[in-house]
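Novice: compute the structure for the input listed below.
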Amino acid sequence: MPNDLSATLLPHVAILDDEADIRRILAATLEEAGYHVTTHASAAEFEAALADGTPEVCLVDLGLPDSDGLAVVHRLALESGATIIIISGRAQVEDRVAGLELGADDYIIKPFEPAEVVARIRARLRKAPRPGAGRSGQVVRFAGWRADFDRYMLIGGDGMETPFSHAEGEVLRLFLDNPKRLLSRAQMQEALGGTAGESFDRAMDVRVSRLRTKLGEDPRNPRLIKTIYGAGYIFLGDVDWD
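Specialist: Now for the predicted structure:
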């Protein structure tokens, strides 16, 4: 078990699941893999702990005793920059699609191998925006906007701030790293991870739609993020990294 000082230097994974055995197994596996882990049995306990800081990764079960897990996922996606991975016994496509559309980054079906959860977390953290990851800063200017990836915030020309989720930030970062270049769904899937198919495509469509709304785009004729039907998306703005 890491001491308090070393724990602050490790990636923080929070587990929200009402099954004690799952919390215990996941916590032991993740700590052995080098993560700082906190566990929570209820949504109320988990959300109270968020006041002390947002973990890098949140593992969220959908079947909670005091809240709808999808509602927790949605609040996390709107209010934090955490990577969100759903862990649930609900295997229906509709549940997976709903979770991804509400802002989750990944969906793991119970029963699972703990080693798979570790692998998924590592893959997600490698893909998450990191300070200095190929850029001199984490603020980018485009079309009268600034995107602050340290704070997960869009800042308009009038100074008004609009938060974006981790999942939305992944897509925005991908566009800003590849301006005026067609990105196919296959390329987006490879860059962002996830399983190719209907659920991934719908999740991408929802994230792009939300970004357009936050950027004040006309959904019928967007000027920044264009859909090239049958091919993918293209971002048309000029990009200037600070």
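
Novice: contact partners for the nearest residue to G81 once chain neighbours are set aside?
Specialist: Spatially, and ignoring its direct neighbours in sequence, G81 is nearest to Y152 (4.0 Å; Cβ to Cβ, 6 or more residues apart in numbering). Where you see a C-beta, it was placed from the backbone N, CA and C, and this is true even at glycine. By Cβ atoms under 8 Å, 6 or more residues apart in numbering, Y152 lies in contact with 80-81, 163-166, 169.

Novice: now do the domain split for the protein, please.
Specialist: For the chain, automatic domain parsing gives the domain ranges 4-127, 139-241.

Novice: now those as TSV including mean pLDDT?
Specialist: Output for the domains of the chain, formatted as TSV (pLDDT from 0 to 100):
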stretch	mean pLDDT
domain 4-127	88
domain 139-241	86
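
Novice: please export the C-alpha coordinates of stretch 62-82 as PDB.
Specialist: C-alpha atoms of stretch 62-82 as PDB (Å, rounded to 0.1, in the frame of the first residue of the first chain):
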ATOM      1  CA  LEU A  62     -24.600   1.200 -13.400                       C
ATOM      2  CA  GLY A  63     -26.500  -0.800 -10.700                       C
ATOM      3  CA  LEU A  64     -26.100   1.400  -7.700                       C
ATOM      4  CA  PRO A  65     -28.200   1.300  -4.500                       C
ATOM      5  CA  ASP A  66     -28.900   5.100  -4.300                       C
ATOM      6  CA  SER A  67     -28.700   6.400  -7.900                       C
ATOM      7  CA  ASP A  68     -28.800   5.600 -11.500                       C
ATOM      8  CA  GLY A  69     -25.300   4.900 -12.600                       C
ATOM      9  CA  LEU A  70     -25.900   6.500 -16.000                       C
ATOM     10  CA  ALA A  71     -26.800   9.700 -14.200                       C
ATOM     11  CA  VAL A  72     -23.500   9.600 -12.400                       C
ATOM     12  CA  VAL A  73     -21.700   9.000 -15.700                       C
ATOM     13  CA  HIS A  74     -23.500  12.000 -17.300                       C
ATOM     14  CA  ARG A  75     -22.600  14.300 -14.400                       C
ATOM     15  CA  LEU A  76     -19.000  13.200 -14.400                       C
ATOM     16  CA  ALA A  77     -18.800  13.800 -18.200                       C
ATOM     17  CA  LEU A  78     -20.200  17.300 -17.900                       C
ATOM     18  CA  GLU A  79     -18.400  18.500 -14.800                       C
ATOM     19  CA  SER A  80     -15.000  16.800 -14.800                       C
ATOM     20  CA  GLY A  81     -12.100  15.800 -17.100                       C
ATOM     21  CA  ALA A  82     -11.900  12.300 -15.800                       C
END
